[in-house]
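Student: the following block contains a protein sequence and its predicted model.
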Amino acid sequence: MDEPRPAEGWPDAPLTTDEARDLLDDEDVVAVWVMDHDEDTRATVLSENDPDDAVIELILETPTSFRMYSYTHGVNGTAWMDYGETEKGTDGVEMMLDTLESYHVLVGDPVR
């Protein structure tokens, strides 16, 4: 996993569940994985104006890789951060598969 950097082209707010589902239509995404955070964690990131179904952490799976994103506090305020890409079939994939244990598939068909 890379050091996080601002996610280019992402909105300035958390995604709704429907917006996260729509990511399946992007490029070659085969599955959208999301994490269900507890209310205390959500309260540290989300404002009263954010949707109740806000998605604040997700992984996009393609046939060849995983790409992780998180809506979090940073030096420039709260924004989407890109944690980079983990290629399937490399040493780093085992850590990603362990990470996915904390996520569920929102939409799509994961490829293992």
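Tutor: Structure's in. What do you need? Residues are numbered from 1 along each chain as shown.

Student: so which helix or strand takes in the most centrally placed residue in the chain?
Tutor: Nearest to the mean C-alpha position of the chain, by Cα atoms, centre = their mean, lies Leu58 at 1.7 Å. Element membership for Leu58, per DSSP states H and E: strand 57-61.

Student: so what does the next helix or strand after that strand touch, helix or strand wise?
Tutor: Past strand 57-61, further along toward the C-terminus, the next helix or strand under DSSP H and E is strand 65-74. Here strand 65-74 touches helix 39-45, strand 57-61, strand 77-87, helix 93-100, going by 3 or more Cβ pairs under 8 Å, 6 or more residues apart in numbering; DSSP states H and E. No exception for glycine: its C-beta is placed from N, CA and C like everyone else's.

Student: could you list the residues in contact with the last one?
Tutor: If I follow you right, that is helix 93-100. By Cβ atoms under 8 Å, 6 or more residues apart in numbering, the surrounding residues in contact with helix 93-100 are 1, 33, 59, 66, 68, 86-87.

Student: that helix: which residues count as buried?
Tutor: Buried residues in helix 93-100, defined by neighbour count with 16 or more other Cβ atoms under 10 Å: 96, 99-100.

Student: that one - what's its average pLDDT?
Tutor: In this model, helix 93-100 carries a mean pLDDT of 94.

Student: give me the buried positions along the following helix or strand past that helix.
Tutor: Moving toward the C-terminus from helix 93-100, the first helix or strand encountered (DSSP H and E) is strand 103-108. For strand 103-108, the neighbour count (16+ other Cβ under 10 Å) marks 103, 106-108 as buried.

Student: which ones are touching the closest residue to Leu58 other than its chain neighbours?
Tutor: Counting by Cβ to Cβ, 6 or more residues apart in numbering, Leu58 lies nearest to Val34, which is 4.9 Å off, once chain neighbours are set aside. The contact partners of Val34, taken as Cβ under 8 Å, 6+ apart, are 20, 55, 57-59, 103-104, 106.
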